[in-house]
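1. Need coordinates for the below:
(chains A and B)
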Number of protein chains: 2
Amino acid sequence: MTDLPTIADIHQAAERIASVVHNTPVHTCRTFDLSTGCRAYFKCENFQKVGAFKARGASNAVLSLGNEVTSVATHSSGNHGAAVAYAARLSGKNAQIVIPEGSNRLKVEAIRQYGGIIRPCAPGMRSRQSSLADVVRETGAAVIHPFDDSLVIAGQGTAALELLGDLPDIDLIVTPVGGGGLISGTLLVAKSQNRPVRVIGVEPATADDARQSFRSGTRVTIDAAKTIADGLRASIGERNFELIRTYADDIVTVTDEEIVTAMRFVLTRMKILIEPSAAAPVAALLNGRIADHGKKIGIILTGGNADPDDLPW
Amino acid sequence: MTDLPTIADIHQAAERIASVVHNTPVHTCRTFDLSTGCRAYFKCENFQKVGAFKARGASNAVLSLGNEVTSVATHSSGNHGAAVAYAARLSGKNAQIVIPEGSNRLKVEAIRQYGGIIRPCAPGMRSRQSSLADVVRETGAAVIHPFDDSLVIAGQGTAALELLGDLPDIDLIVTPVGGGGLISGTLLVAKSQNRPVRVIGVEPATADDARQSFRSGTRVTIDAAKTIADGLRASIGERNFELIRTYADDIVTVTDEEIVTAMRFVLTRMKILIEPSAAAPVAALLNGRIADHGKKIGIILTGGNADPDDLPW
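-> Prediction:
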């Protein structure tokens, strides 16, 4: 693998996307700290452009393309699609978004609002990839992969860069793991600090490809995983596996029920809306899957695109 | 009236409560700005201690009491009660809270969690006042009035002080009006600036005592007003009327349906939970009750204590 991103790529990404993404705020919650025995710092990417950290990676990748590229394409269960459409519009390109059927209604609507062209496909990674290949053949669009892409990984890493910039004494960062873009960028940032910063990923128990891969040392994929966390259904990519295998401290899992309870906890106590995928790290800490009492823990709340008309409780 | 608060009282309050309340963040929302034609700055008091701006006024009043006072009391539909219980516990006093039956379940639970002693009463201002008098006779507690109190008004004014400190070029501040504590403090801050800052209050149409009072020049009260905005059912106090009559630019009204739509808009678009009372100013702007196109408008999102199990849509 020659093109794994580095910390230098993340600093470059931070500069490239500074004017098009938010430096999101960090919230705290006394009740959460009392419940878990840690001091938690929640990086609120639910307040990010397009309502998710995905704006970072997509903007970095799309803004890196030359003017001769007039069209971009991707497959996404929602947030990455909206992020690519957002970044494409900023750069005057058109965006073709392959979306598995059954995706979150609000996310599909957002893609449309950002001017993206929707290309429906059957659920599952194989179907997504073959539909995307069709679109590329047809339009010649440049593919912005949702996670297995160095520029995307570098963009996602800017969230942890901001978090450790604000709070340099954080001991551990916890992120959800879907395809692995966010945790990959986070690992590069954490491991470039001049003090130990651990990184633990959290997956739904039914989509634990990263955990199985991390434990076995071989990349495992799970096709069309069933979980309420629609952003975590994908299996980790090759670059992502490489970085997780090399640098991650652990991957733990939570149940869908724990995810829903955590999402409701955050809405009730912190007054902010997060989507199920974002609730996975919160659930892991509330249920003792990560025991780091007294430590300063950064939690990346990855997105807020849940449907207020269809909350899962 | 000899004891109306002044801007000096608000500066004093800001110092007194600095270590026990949050300097809350200010959010923006592009979709809201596009819909309304203004540039809105949302002061997020839903992220305040006890989930509402009421922590400010109650803390200022309770922390002003000497150690010889061991007990405080108030009547409140919820947030002020929680705020008094919170401030009392900080100061090692006990708190007796008179609460009208039918109050928000979560708010009553919060009062209990902060160590407050619940005293139920029938709904309506008369019943609240007579129950509070009973409690005082029985316990000798010092009364912390929810709004008709100079220290409480001064404390509530600190929200606008922070907002104009962060954004000194705001043209207009919009607040909900219940008993009038928040708008009173806001008026004192706005009118002490060395440039014009307008202040407009918003009420539910069914609880428009402030609007009627402002228009007629005589204080009007409405007993047991029916509206989903449980924090706006009270009628304005004497000090509050005096300040509103003297300084307010206007009082406008919204329907309960508009309030619910605004609350849902804020959750969907801004990813934050606000309670119905807090949604009144948002509703007023979304429905063209306040037409200030192009202006910089500060909106105080007063609280976030809505029940995620019972959202009103």
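
2. Spatially, which residue comes closest to the residue of the stretch 101-250 of chain A found nearest chain B, not counting chain neighbours?
-> Nearest to chain B, among the residues of the stretch 101-250 of chain A, is residue A:106, at 7.6 Å (C-beta to the nearest C-beta). All C-beta atoms are positioned from the backbone trio N, CA, C, and that covers glycine. Leaving aside its chain neighbours, residue A:106 sits nearest to residue A:307 (5.0 Å; criterion: C-beta to C-beta, 6 or more residues apart in numbering or on different chains).

3. How about the contacts made by the residue of the stretch 101-250 of chain A closest to chain B?
-> By C-beta atoms under 8 Å, 6 or more residues apart in numbering or on different chains, residue A:106 lies in contact with A:305, A:306, A:307, B:268.

4. Which of those scores worst on pLDDT?
-> Lowest pLDDT of these: residue A:307, 91.

5. Surely that residue and residue A:104 touch.
-> Yes. Using C-beta atoms under 8 Å, residue A:307 is in contact with residue A:104, at 6.7 Å.

6. At the contact with chain B, which residues of the stretch 201-313 of chain A appear?
-> A:264, A:267-268, A:270-274, A:304, A:308-309, A:311, A:313 (C-beta under 8 Å from any C-beta of the partner chain).

7. Of those, which qualify as buried by neighbour count?
-> Those of those that meet the buried threshold are A:264, A:267, A:268, A:270, A:271, A:272, A:273, A:274, A:304, A:308, A:311, by 16 or more other C-beta atoms under 10 Å in any protein chain shown.

8. Which pLDDT value belongs to the first one?
-> Confidence per residue is given as pLDDT, and for residue A:264 that number is 98.

9. Quick one: low-confidence residue ranges for the stretch 1-150 of chain A.
-> Across the stretch 1-150 of chain A, the ranges flagged by pLDDT under 70 are A:1-2, A:77.

10. Identify the residue of it closest to chain B, quick one.
-> residue A:46 (4.6 Å).

11. Is residue A:117 in contact with residue A:93, as I believe?
-> No. Under the criterion of C-beta under 8 Å, residue A:117 is not in contact with residue A:93, lying 11.5 Å apart.

12. Next, the buried residues of stretch A:44-54.
-> In stretch A:44-54, counting by 16+ other C-beta under 10 Å, buried: A:44, A:45, A:46, A:47, A:48, A:49, A:50, A:51, A:52, A:53, A:54.

13. Tell me which of the residues you listed fall in strands.
-> Taking DSSP state E, the ones among the buried residues of stretch A:44-54 that sit in strands are residue A:44.

14. What about the buried residues of stretch A:44-54, which are in helices?
-> The helices, defined by DSSP state H, take in residue A:54 from these.

15. And for residue A:151, nearest residue in space, chain neighbours not counted?
-> residue A:61 (4.1 Å).

16. Please disregard the earlier target; I meant residue A:249.
-> residue A:198 (4.3 Å).

17. backbone phi and psi for the one you found, please?
-> Backbone torsions of residue A:198, given as degrees, to the nearest 10, read phi -80, psi 160.

18. tell me the contacts of it?
-> A:171, A:172, A:173, A:190, A:249.

19. just the buried members of the contacts of residue A:106?
-> Using 16+ other C-beta under 10 Å as the threshold, A:305, A:306, B:268 are the buried ones among those.

20. Pretty sure residue A:306 is one of the things the last one touches, is it not?
-> No. Counting by C-beta under 8 Å, residue B:268 does not reach residue A:306; the two are 9.1 Å apart.

21. Tell me which stretches of chain A form helices.
-> A:7-17, A:30-36, A:54-63, A:79-90, A:105-113, A:125-139, A:150-166, A:181-190, A:209-216, A:238-247, A:256-265, A:276-286.

22. For residue B:219, find the nearest of those helices.
-> helix A:30-36 (39.5 Å; C-beta to C-beta).

23. Apart from its chain neighbours, what residue comes closest to the most centrally placed residue in chain A?
-> What sits nearest the mean C-alpha location of chain A, by C-alpha atoms, centre = their mean, is residue A:182, with 4.7 Å. In this structure, residue A:182 finds its nearest non-sequential neighbour in residue A:156, 4.6 Å apart by C-beta to C-beta, 6+ apart.

24. show me what contacts that neighbour?
-> Neighbours of residue A:156 in contact, by C-beta under 8 Å, 6+ apart: A:53, A:54, A:56, A:57, A:181, A:182, A:184, A:185, A:186.

25. That one and residue A:133, how far apart?
-> Remark: distance between residue A:156 and residue A:133 (C-beta to C-beta, to the nearest Å) = 24 Å.

26. ditto for residue A:251
-> 30 Å.

27. And the two? Which one has more around it.
-> More neighbours surround residue A:251 than the other of residue A:251 and residue A:133, with 23 against 14 (other C-beta atoms under 10 Å in any protein chain shown).

28. how close does the more buried one get to residue A:174?
-> In terms of C-beta to C-beta, residue A:251 sits 11 Å off from residue A:174.

29. who touches both of the two?
-> Any residue near both residue A:251 and residue A:174 by C-beta under 8 Å, 6+ apart counts here, and that gives A:200, A:201, A:202.

30. what's the nearest residue to residue A:191 if we skip its chain neighbours?
-> Nearest to residue A:191 is residue A:247, by C-beta to C-beta, 6+ apart, at 5.1 Å.
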